[in-house]
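A.B. asks: here's my sequence, what's the structure:
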Amino acid sequence: MSNDHPPLIRAFAGLRPRGEHAAAVAAPPYDVLSSEEARQSVAGRPLSFLHVSKAEIDLPRGIDPFSPEVYARSAENFQRMLDGGVLVRDPCPCYYAYRLVIDGHVQTGLVAAASVAAYDSNRIRKHEFTRPDKEDDRVRQIEALNAQTGPVLLAHPDSPEVEALLAEATKASPVADLIAETGVRHSVWLIDEPAAIARLGSLFDAMPALYIADGHHRSAAASRVAASRRQRQGGADSAEFFLAVIFPASQMRILPYNRVLRDLNGLSEAAFVAALADCCQVDRVHSPVEPERSGVCGMYLAGSWYRLEIRPESIPSSDPVRRLDVSLLAERILAPLLGISDLRRDPRIDFVGGIRGFGELERRVDSGEMAVAFAMYPTQMNDLMAVADAGQVMPPKSTWFEPKLADGLVSHVLD
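C.D. replies: Now for the predicted structure:
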């Protein structure tokens, strides 16, 4: 295969919990819990993978989670799970089917090693900027463990044949099957039949691109580790691939990423509502507003809900970033009326994942902590793919994917 068309994925000998330990090991992603929340989560759970992914929980409170002691403890805890037979490695390269089920929503994807070269050449496409400090953290974690343990969530263009192969794999008994505290059922099946492995590889390699949904820092860190090992060793081998779970784009579920603001930039509530009329149709309503389509958002202010509809003529149809609802809010309301121009750094704005519901928006405003909340229409997968295909990036906090993957069910060891 030519160098300008690297294979997108390959099978790998995964490291995973013995079947009887899967429920005890599986843990939320490292970046969805604070250190204190993680400490509470592992109470009575000595095998939780949080002891590896957030090892500061096993050190004194207040320790810097990016200190060398944390990475060293992470490696120590990881090795203990290996030595104790809690985690075992499959003898041969294989793929894994991974299914997530919650409240009637089902998505089934493929656990694979994804190509760093494809990521570097933008065949695995990004839609977010990364922060160097967060990249550094993931690089140190990979190097400390000599493994990638946090999967990157990817989307692939729909493929009936891939879905059929995964459906066939899920007829067997799963090697892991558990219901997490969040209510999400996580199930994993082994795909070790050579013909299925070969066919999956060729089907994916025929795809023009894959899309990062969640895990920009993990994939960027994998690229840096591969480059470093290439330079040091003349070749990176298994480090040329990174741990990924790849779902059909149509099965993925994006929840809204809502916004809350600390003040009204000196405006009275009445003056702010009046000013909104320049860019929106404003209607006061009697219940929370769940936007039914793009261009509509809900607003909670002073105990009341409003339905805001951006005037259609002001929505740019050809720009994949500026037509996003989060961009429309930023350009039409947050910047000109509330003085918020830097979504990344302005302390006056905060973001609330849609999984927390309308009650959290009302609570933040009613408590006096925030002055106003905006309930957003969720970004759609075709919007994400359009932005990535255009080589652009979304505003911060544009997507909240749910359900989340678990850490610890399959890891990729760097030989």
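A.B. asks: the residue lying closest to I179 once chain neighbours are set aside: how many residues sit nearby?
C.D. replies: Spatially, and ignoring its direct neighbours in sequence, I179 is nearest to R185 (5.0 Å; CB to CB, 6 or more residues apart in numbering). Every residue, glycine included, has its C-beta placed from N, CA and C. When neighbours are counted by other CB atoms under 10 Å, R185 registers 15.
A.B. asks: kindly report the same for G14.
C.D. replies: 25.
A.B. asks: give me the pLDDT for it.
C.D. replies: pLDDT for G14: 98.
A.B. asks: where does the stretch 101-250 of the chain dip in pLDDT?
C.D. replies: Residue ranges of the stretch 101-250 of the chain with pLDDT under 70: 235-236.
A.B. asks: pull the longest helix from the chain.
C.D. replies: helix 216-233 (DSSP state H).
A.B. asks: give me the beta-bridge partners of the residue nearest to I179?
C.D. replies: V101, I179 (DSSP bridges).
A.B. asks: residue contacts, it?
C.D. replies: Each residue near R185 by CB atoms under 8 Å, 6 or more residues apart in numbering is listed here: R99, L100, V101, I102, D177, L178, I179.
A.B. asks: and K404, helix, strand or coil?
C.D. replies: Going by DSSP: H, G, I helix; E, B strand; the rest coil, the secondary structure assigned to K404 is coil.
A.B. asks: what about it, how many neighbours?
C.D. replies: Residues lying near K404 (other CB under 10 Å) number 20.
A.B. asks: same deal with the one 5 residues further on?
C.D. replies: The local packing count at L409 equals 27, with neighbours defined by other CB under 10 Å.
A.B. asks: who's in contact with it?
C.D. replies: R16, P17, A22, V25, A26, Y98, A176, H186, V188.
A.B. asks: 10 Å instead, please
C.D. replies: 14-17, 22, 25-27, 49, 96, 98, 111, 149, 151, 175-176, 178, 186-188, 245 (CB atoms under 10 Å, 6 or more residues apart in numbering).
A.B. asks: equivalent analysis for N77, please.
C.D. replies: P46, L47, S48, F49, L50, H51, V52, S53, A55, I57, D58, L145.
A.B. asks: all helices for the chain, in order.
C.D. replies: Using DSSP H, the helices of the chain run over 22-25, 35-41, 50-53, 68-83, 116-120, 132-145, 160-169, 194-205, 216-233, 269-276, 325-329, 335-338, 357-366, 381-389.
A.B. asks: the third one packs against which elements?
C.D. replies: Judged by 3 or more CB pairs under 10 Å, 6 or more residues apart in numbering; DSSP states H and E, helix 50-53 is in contact with helix 22-25, helix 35-41, helix 68-83, helix 132-145.
A.B. asks: A117 contacts R123, correct?
C.D. replies: Yes. Between A117 and R123 there is a contact under CB atoms under 10 Å: 8.2 Å.
A.B. asks: look up how far Y71 lies from P60.
C.D. replies: 16 Å (CB to CB, to the nearest Å).
A.B. asks: between the two, which one's more packed in?
C.D. replies: Shown here are P60 and Y71; by other CB under 10 Å, Y71 has more neighbours (20 against 7).
A.B. asks: how about the contacts made by that one?
C.D. replies: Counted by CB under 10 Å, 6+ apart, Y71 has contacts A55, E56, P65, D137, R140, Q141, I142, E143, A144, L145.
A.B. asks: the fifth one touches K134, doesn't it?
C.D. replies: No. R140 sits out of contact with K134 when judged by CB under 10 Å, with a separation of 11.0 Å.
A.B. asks: for the closest residue to L110 other than its chain neighbours, the count of nearby residues, please.
C.D. replies: Computed as CB to CB, 6+ apart, the closest residue to L110 that is not its neighbour in sequence is I246, at 5.0 Å. A total of 27 residues lie near I246 under the criterion other CB under 10 Å.
A.B. asks: which residues does I246 contact?
C.D. replies: Counted by CB under 10 Å, 6+ apart, I246 has contacts 8-9, 95, 98, 109-112, 114, 124, 151-156, 162, 204, 207, 210-211, 213.
A.B. asks: one more: A198?
C.D. replies: So A198 contacts A11 (CB under 10 Å, 6+ apart).
A.B. asks: give me that answer again for 7 Å
C.D. replies: Applying CB atoms under 7 Å, 6 or more residues apart in numbering to A198 gives no contacts.
A.B. asks: doesn't V352 make contact with L255?
C.D. replies: No. Between L255 and V352 there is no contact under CB atoms under 7 Å: 10.5 Å.
A.B. asks: looking at those two, which has the bigger crowd around it?
C.D. replies: Shown here are L255 and V352; by other CB under 10 Å, V352 has more neighbours (24 against 18).
A.B. asks: wait, isn't the more buried one in contact with G359?
C.D. replies: No. Using CB under 7 Å, V352 makes no contact with G359, being 10.5 Å away.
A.B. asks: so how many other residues sit close to E36?
C.D. replies: 10.
A.B. asks: I figured Y306 hits Q281, correct?
C.D. replies: No. Using CB under 7 Å, Y306 is not in contact with Q281, being 10.2 Å away.
A.B. asks: compare the two (neighbour count), which wins?
C.D. replies: Neighbour count, other CB under 10 Å: between Y306 and Q281, Y306 has more, with 19 against 14.
A.B. asks: list the contacts for the most centrally placed residue in the chain?
C.D. replies: Geometric centre of the chain, nearest residue: D214, 2.8 Å, by CA atoms, centre = their mean. For D214, the contact set (CB under 7 Å, 6+ apart) comprises L153, F401.
A.B. asks: same thing with A114?
C.D. replies: L8, I9, I124, V152, L154, L210, F241, F242, A244.
A.B. asks: the fourth one contacts H217, correct?
C.D. replies: No. Taking CB under 7 Å as the definition, V152 is not a contact partner of H217, at 9.3 Å.
A.B. asks: those two: which has the busier surroundings?
C.D. replies: Shown here are V152 and H217; by other CB under 10 Å, V152 has more neighbours (26 against 22).
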